[in-house]
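Colleague: Provided below are the primary sequence and the corresponding predicted coordinates.
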Amino acid sequence: MKAFGYTQARDAADAVSLAHRTPGAGFIAGGTDLLNLMKDGVQRHDHLIDVNRLDLAAVTGTATGLHIGGLARMRQVAEHPAVRKGFPVLAQALLASASPQVRNMATIGGNLLQRTRCGYFRDTASACNKRAPGSGCPALAGWNRGHAVLGGSEHCIATHPSDLAVALTALDATVHVLGPGGPRRIPIGEFHLRPGDTPNVDTALRPAELITAVEVPNSRTATGSRYLKLRDRATFEFAVVSAAAALHLDGRTVRDVRLAFGGIATTPWRSPDAEAALRGRSLTVETISEAGRALVRDAVPRHDNGFKVELVQRALAELLNGMGGRR
Ligand code: SF4
């Protein structure tokens, strides 16, 4: 592991200032992904700024929604009464993530910033455009069972691994950040970037910006939300496909709906077309099937991952049937 410097920040402004003036700096909180990446030589920093002492760990239910500090731990959020009551998809996605030990340490901000689990990315002996821009993408013609069928480019087809980000996408969350230029807000749908020509750039964060909070608005759809994760083993495993639905049903009629998916795309994937197939209509086998077909209309399956096109439609049907769809 490459040697690095270490400083504990006093507060958020101090952390950002340190990061801004220290070449090669990065933030560390729970460290559950970052330290593995650094030990394996996948990610390198000359200096780490420890943000664990910052006063950013509170989870608060407000009149308009939920305010989650960027340093709140996954377990803390999953068990919070306001989350369980008003945003069940969030609690379910968090409890389906990682292991209890990781959930005790990992923060909400860090979860959104975790890197892809693509095996080529994590193996420094392999070429990889995300880790070493311009070196190539062996997954395109290689082993790509876990890779994306939506949102990819000729440079990268890696999936985003966060369950939390999928749930937040279905809830229309906003990410609050603080940087050298001051605070700003980033809608969750604009936070993670598709690979395009720059797969090495994962997010919309600017240099030295720190995630301070995530805000989730109250809504009828949030109250009636659920998460379904399909994975190769029952625990401590990333999604093969996952689906989050936030649904406001009036009898059988879908008054409003938000759908987001994991495991199938390069970013947490919202599907306006699938939502449009359901909104204002009765939640039936036919409309659910129509939504599933709309979801995968632009899918580009590769050699090993074509099964995801069918699997994610089945996951969506299973999820919506459990929420009141007519079988
Ligand atoms: Fe790297 Fe992306 Fe290709 Fe994986 S899919 S090898 S992360 S460029």
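Modeller: Structure's in. What do you need?

Colleague: For the closest residue to residue 160 other than its chain neighbours, which residues are in contact?
Modeller: Take residue 160 and drop its neighbours on the chain: the residue closest to it by CB to CB, 6 or more residues apart in numbering is residue 267, 5.3 Å away. In this view, the C-beta of every residue, glycine as well, is placed from N, C-alpha and C. By CB atoms under 8 Å, 6 or more residues apart in numbering, the contact list for residue 267 reads 151, 160, 192-194.

Colleague: ok, so what distance separates residue 255 from the ligand?
Modeller: 39 Å (CB to the nearest ligand atom, to the nearest Å).

Colleague: Find the helix or strand that the nearest residue to that residue once chain neighbours are set aside is a member of.
Modeller: Counting by CB to CB, 6+ apart, residue 248 is the residue found nearest to residue 255 once chain neighbours are left out, at 4.4 Å. Assigned by DSSP states H and E, residue 248 belongs to strand 241-250.

Colleague: could you list every residue that touches residue 37?
Modeller: 43, 115, 122.

Colleague: and the contacts of residue 267 as JSON lines, adding neighbour count, distance to residue 292 and pLDDT?
Modeller: Below are these laid out as JSON lines (neighbours: other CB atoms under 10 Å; distance: CB to CB, whole Å; pLDDT from 0 to 100):
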{"residue": "151", "neighbour count": "23", "distance to residue 292": "17", "pLDDT": "98"}
{"residue": "160", "neighbour count": "27", "distance to residue 292": "21", "pLDDT": "97"}
{"residue": "192", "neighbour count": "23", "distance to residue 292": "23", "pLDDT": "98"}
{"residue": "193", "neighbour count": "17", "distance to residue 292": "26", "pLDDT": "98"}
{"residue": "194", "neighbour count": "18", "distance to residue 292": "22", "pLDDT": "98"}
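
Colleague: is it possible to export the residues you listed to a markdown table including distance to residue 220 and secondary structure?
Modeller: Below are the contacts of residue 267 laid out as a markdown table (distance: CB to CB, whole Å; DSSP: H, G, I helix; E, B strand; the rest coil):
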| residue | distance to residue 220 | secondary structure |
| --- | --- | --- |
| 151 | 29 | coil |
| 160 | 27 | coil |
| 192 | 26 | strand |
| 193 | 30 | coil |
| 194 | 30 | coil |
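
Colleague: Thank you, goodbye.
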